[in-house]
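Asker: Show me how the following folds:
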Amino acid sequence: MRRRRRRTVLLTVGCVLALTSCTTAGSAAPGTTGTTGTTPRTPAPATPGITGTTPPDLVATYGYPPDPHRGGYRPDVVLIGGGPAAIRSAGDDGLSFTLDHSAAGVDELREGSIMFAAAEAVGRVVHITPAGADRIVTIAPVLPTELVDQLDFAQTGPLDLDTATAVLRPGMSGALVQQSTAPSTPGLRGGSRFLAPSGPSTPKDPQPGPVAGEQSIGGWQVKLLRTPGTLGVNLIRTQDDLIGDISVSVLTNHPRVQFSGNPGTKAFTAKISGITGVALDAKAGFGPGDPSRASAKVGGELEHAFTFPIPPSPATGGLPMVLTVTFAFSISLGFGAKNSTLSASAEYGLDGDLGIDGTTSVVPTLTVRRSLMDSIDGISLAPSAMVAAVKVKFMLGVGVPFGNAGPYVSMSFASGVAKGSPLAINPGCHYGSLDITGKAGLGFDIDSGLAALILGKLGKALKFPDSIETKLAVVHREQTLPDVAACKIA
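Answerer: Numbering: from 1, shown residues only. Predicted coordinates:
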């Protein structure tokens, strides 16, 4: 076991989360790599830790500890003395934590109880294994509503995504992309993330945060695109006669989140504002190779995340939480013949909030900035098609690395294009589609790789409490040109 690397992100400059008593942390000492399960550590305090005394490197790794003075915890919740300071090491699976035997609460843990050491070290105990005098505790994620009797949120504030540092991971495999272990490498554990005092986030000279390199996944070079006001991905492929240069972006203007009220009640609000549009720019082609290889799909859903730790306060229902922004995407290509090309581009504006406000669904209005249908072009003796999809999700949650639970709001954008064969009855057929949807509610965000790992560890599928979700339809459009029956049949 080794000390857990931070989920996928460490921030070099913070976000502001108004209505929260944020603590500004200093730079953390660089992390180390290798086995730490037997590394001596000063015994944890005998009582649960206080937020203000938690070392910043532990906050960056596990989040803030629970507030022992909150009250209202459910009877099966066990607070661990010292919070994250009681964690000697964490397993690569993100589910197992080696706890200091001297920390208060460790001896009270039983299978079925809930261990609560920090915002990303909380869950229902499924196994306890002795490790010398210490204990290796394996947990499964829980909802925030399983921790306390009453839970009300009043969390709102802008997110500084422009200066965040992120790395990519293949979400379907559940494994982190291999990174350098040098302590100074952006995106690795050992750095620190900052929470600025309450107020607007206005860096004097905002610059995009560094990205921990390009990733090669499934024959594609994947690069995070980030400039002020843009968050997206670029995929490039130049092998096996199949080439592509595809960018999908979400456009932003000082994005803000709002979570308030009691989830599951008519007074609950979950909204995101400042998402101002989406954009697609794509060029792809297939050379003289084997036509059976003339199609491709990026190897599963890919994901990267920005993670902001938040100390317990009335705004978070008295719980330490982590605000996670995930950005997932997938690309599919298909060519029916050799020596084919296909290109398309579009941009759509979004004006207004997205989410739920009590019993009311809130969706933005759509405007066309660059027409998809006008852009479809290419050369082929057979039909060609392309589908690009992207999702951005904002969750205020607790849990384990790769598995948080809490209130959330998300937006999905999918666009498909197709170009008909010049040998068809009607050779000029073009097809385009656009779907923008949203979701808001209370639930789990479990990486599929982690879900499979849980299944392997427990020998059975993990059963989660019922989630609460509202689906939001922003727009659905599809069009065929020319508008004739022959094109629609094709």
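Asker: to the chain's geometric centre, what's the distance from the longest strand anywhere in the chain?
Answerer: Longest strand in the chain by number of residues (criterion: DSSP state E): strand 242-261. Taking C-alpha atoms, centre = their mean, to the nearest Å, the mean C-alpha location of strand 242-261 is offset from the chain mean by 11 Å.
Asker: what mean pLDDT does that strand have?
Answerer: The pLDDT scores in strand 242-261 average 90.
Asker: Parallel or antiparallel, which strands does that strand pair with?
Answerer: strand 153-158 (antiparallel), strand 230-239 (antiparallel), strand 269-286 (antiparallel) (DSSP bridges).
Asker: Which one of those lies nearest to Ala388?
Answerer: strand 269-286 (5.7 Å; C-beta to C-beta). C-beta coordinates here come from the backbone N, C-alpha and C atoms, glycine included.
Asker: if we can go back for a sec, can you put the strands paired with strand 242-261 in a markdown table and add mean pLDDT?
Answerer: Below are the strands paired with strand 242-261 laid out as a markdown table (pLDDT from 0 to 100):
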| stretch | mean pLDDT |
| --- | --- |
| strand 153-158 | 79 |
| strand 230-239 | 86 |
| strand 269-286 | 93 |
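Asker: Let's have the ones you listed in a markdown table, adding mean neighbour count and distance to Lys338.
Answerer: Listed next are the strands paired with strand 242-261 as a markdown table, based on neighbours: other C-beta atoms under 10 Å; distance: least, C-beta to C-beta, whole Å:
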| stretch | mean neighbour count | distance to Lys338 |
| --- | --- | --- |
| strand 153-158 | 21 | 50 |
| strand 230-239 | 18 | 16 |
| strand 269-286 | 23 | 6 |
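Asker: Could you work out which of these reaches nearest to Met115?
Answerer: It is, among the strands paired with strand 242-261 and with distance given as C-beta to C-beta, strand 153-158, at 23.0 Å.
Asker: got any ranges where the protein has weak pLDDT?
Answerer: 1-52, 162-214, 291, 297-305, 402, 423-427, 446-467, 489-490 (pLDDT under 70).
Asker: where do the helices sit along it?
Answerer: 56-62, 448-458, 485-489 (DSSP state H).
Asker: ok, back up a step: residues of the longest strand of the chain that come out buried?
Answerer: For strand 242-261, a neighbour-count test (16 or more other C-beta atoms under 10 Å) marks 242-252, 254-261 as buried.
Asker: How about stretch 85-98?
Answerer: Of all the residues in stretch 85-98, those buried under the rule 16+ other C-beta under 10 Å are 85-91, 93-98.
Asker: Over to stretch 343-362?
Answerer: 343-348, 350, 353-357, 361-362.
Asker: Equivalent analysis for stretch 73-83, please.
Answerer: The neighbour-count criterion (16+ other C-beta under 10 Å) identifies 73, 77-83 as the buried residues of stretch 73-83.
Asker: right, and the strands paired with strand 242-261 - which one's nearest Asp445?
Answerer: Among these, strand 269-286 sits nearest to Asp445 (C-beta to C-beta), with 13.5 Å.
Asker: quick one: that closest one to chain centroid distance?
Answerer: Computed by C-alpha atoms, centre = their mean, the chain-centroid distance of strand 269-286 equals 15 Å.
Asker: and what of stretch 405-422?
Answerer: For stretch 405-422, the distance to the chain centre is 17 Å (C-alpha atoms, centre = their mean).
Asker: And for stretch 238-253?
Answerer: The answer for stretch 238-253 is 20 Å, by C-alpha atoms, centre = their mean.
Asker: Alpha carbons only: can I get that stretch in CSV?
Answerer: Output of stretch 238-253 as CSV, limited to C-alpha atoms (Å, rounded to 0.1, in the frame of the first residue of the first chain):
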residue,chain,number,x,y,z
THR,A,238,-2.5,9.4,-37.4
GLN,A,239,-2.1,5.7,-37.4
ASP,A,240,-3.5,2.6,-39.2
ASP,A,241,-4.7,4.8,-42.1
LEU,A,242,-7.3,6.3,-39.8
ILE,A,243,-6.6,10.0,-39.1
GLY,A,244,-8.5,12.5,-37.0
ASP,A,245,-8.2,15.9,-35.4
ILE,A,246,-11.3,16.5,-33.3
SER,A,247,-11.9,19.1,-30.6
VAL,A,248,-15.0,19.3,-28.4
SER,A,249,-15.3,22.3,-26.0
VAL,A,250,-17.6,23.7,-23.3
LEU,A,251,-17.5,27.5,-23.2
THR,A,252,-17.7,29.3,-19.9
ASN,A,253,-17.9,32.8,-18.4
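Asker: Thank you kindly, that will do.
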